[in-house]
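In: What follows is a predicted structure for the sequence shown.
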Amino acid sequence: MIVLNILYIIAGIAIVLVGADKLTEGAAAVATKFKVPQIVIGLTIVAIGTSMPELCVSLVSALKGTPDLAVGNVVGSNVFNSFLIVGITALVAPMTILHSTVRKDIPFALVASVLLLLLCLDGSLSRIDSIILLLLFAVFMRITLAGAKAKKENENEGAARGEQSLLEPSRVASEEGNMPNEAGREMAMWKAALFILAGLVMLIFGSNLFVDNATEVARIIGVSEAVTGLTIVAMGTSMPELATSVVAAKKGNSGIAIGNVLGSNVFNILLILGTTGVICPMQLNGITNVDFSAMVISMFMLWLFSFTKYKIERWEGAVLTLAFIGYVSWLIYNV
């Protein structure tokens, strides 16, 4: 029986990922049709689209009365991103970090992590807490869009190339085909609408399939929903980030991975938990301060290592990877 549940979990992840891709492609085609600037498409539709798996899984989990699964998904995903994804990527190829990333982007992601820790000290994520997260997300988007426009102007003037920031995942998405290419720009409106509808249906169906079976697996093996969310669910929904980062590293663009991780972490906390908490305030039971602290520590270590010659070396990647293994081992030991 548990084997069937695991197969359903894998199927749920696959359906959610395909659904997010189709929804993003359709929405980007519609935006392009209405002359929305490509940079805005990248920073909004594509960026939010790549966060759809985490958003749908967390929202469905909260609505089904499993808040630990919802919050565990976000906290676990961020720990997975900062420790394991950056660690593995640095092992593949040392990561060069720009000064702007160290001075602005990583601190912003760290502030978001600390804020979540403070808001959840009372064991809950209220509607007011969630509104605070969404307000900070609005500030983040405002700053990001302004920076993107300025950067675009600089690029048009032949300024420095290869600038790295939280915006990079969107740019990579464009290059890799997640944003509409020439064919995508000519997509018929009926086809774009069909993609959006199909994507939404797949996201909802896949999320329900995933959450139901993850909860059942947790019940069968006797672990809490919190541990399931922090491990199985978090790793499953973070697979796109892992794939993107490793591929980028192999292509000699390992710096892209840091932007991928930071963007994902900020979206996870501010947008996903903010939206989920506004719709369905959550009372936490199994997610402890240790888990929130692990998330903060992972970001702090990432920031600390970035200061060393503005580069994350292979040995530092190994330390991050071992830290992740240690955290997961602690979770398993304390089941």
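Out: Looks like it arrived, so ask away.

In: How about residue 99, nearest residue that isn't a chain neighbour?
Out: Leaving aside its chain neighbours, residue 99 sits nearest to residue 310 (6.5 Å; criterion: CB to CB, 6 or more residues apart in numbering). No exception for glycine: its C-beta is placed from N, CA and C like everyone else's.

In: Just give me the neighbour total for the one you found.
Out: By other CB atoms under 10 Å, the residues close to residue 310 number 13.

In: any idea how far the residue nearest in space to the middle of the chain lies from residue 112?
Out: Note on the chain: the residue nearest the mean C-alpha position is residue 264, at 3.1 Å, using CA atoms, centre = their mean. Distance of residue 264 to residue 112, given as CB to CB, to the nearest Å: 11 Å.

In: where does the chain dip in pLDDT?
Out: Flagging of the chain using pLDDT under 70 yields the residue ranges 36-50, 148, 151-186, 244, 253-257, 260, 335.

In: hmm, back to that, helix or strand for the residue nearest to the centre of the chain, which one?
Out: For residue 264, the host element (DSSP states H and E) is helix 255-266.

In: Ok, residue 212 next?
Out: Using DSSP H and E, the element containing residue 212 is helix 189-221.

In: by contact count, what packs against the helix or strand just after that helix?
Out: The element immediately downstream of helix 189-221 (helix or strand, assigned by DSSP H and E) is helix 225-228. Packing contacts for helix 225-228, counted by 3 or more CB pairs under 8 Å, 6 or more residues apart in numbering; DSSP states H and E, involve helix 67-79, helix 189-221.

In: Can you tell me which helices and strands the longest one packs against?
Out: The helices and strands touching helix 189-221, judged by 3+ CB pairs under 8 Å, 6+ apart, are helix 2-33, helix 52-63, helix 67-79, helix 225-228.

In: ranking those by burial, who's on top?
Out: Mean neighbour count (mean count of other CB atoms under 10 Å) peaks for helix 67-79 among the helices and strands packed on helix 189-221, with a mean of 29.

In: Show me what the helix or strand that it is followed by is in contact with.
Out: Tracing the chain past helix 67-79, the next element assigned as helix or strand by DSSP H and E is helix 86-92. Residues outside helix 86-92 that contact it (CB atoms under 8 Å, 6 or more residues apart in numbering): 95, 242, 245-246, 248-250, 254, 257-258, 261, 302, 312-314, 316-324.

In: what's downstream of helix 86-92, the next helix or strand?
Out: With elements assigned by DSSP H and E, the helix or strand that comes after helix 86-92 is strand 95-96.

In: going on from that next one, what's the next piece of helix or strand?
Out: Per DSSP H and E, the first helix or strand lying C-terminal to strand 95-96 is helix 99-100.

In: For the helix or strand that that next one is followed by, enumerate the helices and strands it packs against.
Out: The element immediately downstream of helix 99-100 (helix or strand, assigned by DSSP H and E) is helix 106-119. Packing contacts for helix 106-119, counted by 3+ CB pairs under 8 Å, 6+ apart, involve helix 127-156, helix 255-266, helix 289-307.

In: That concludes my questions; thank you for your assistance.
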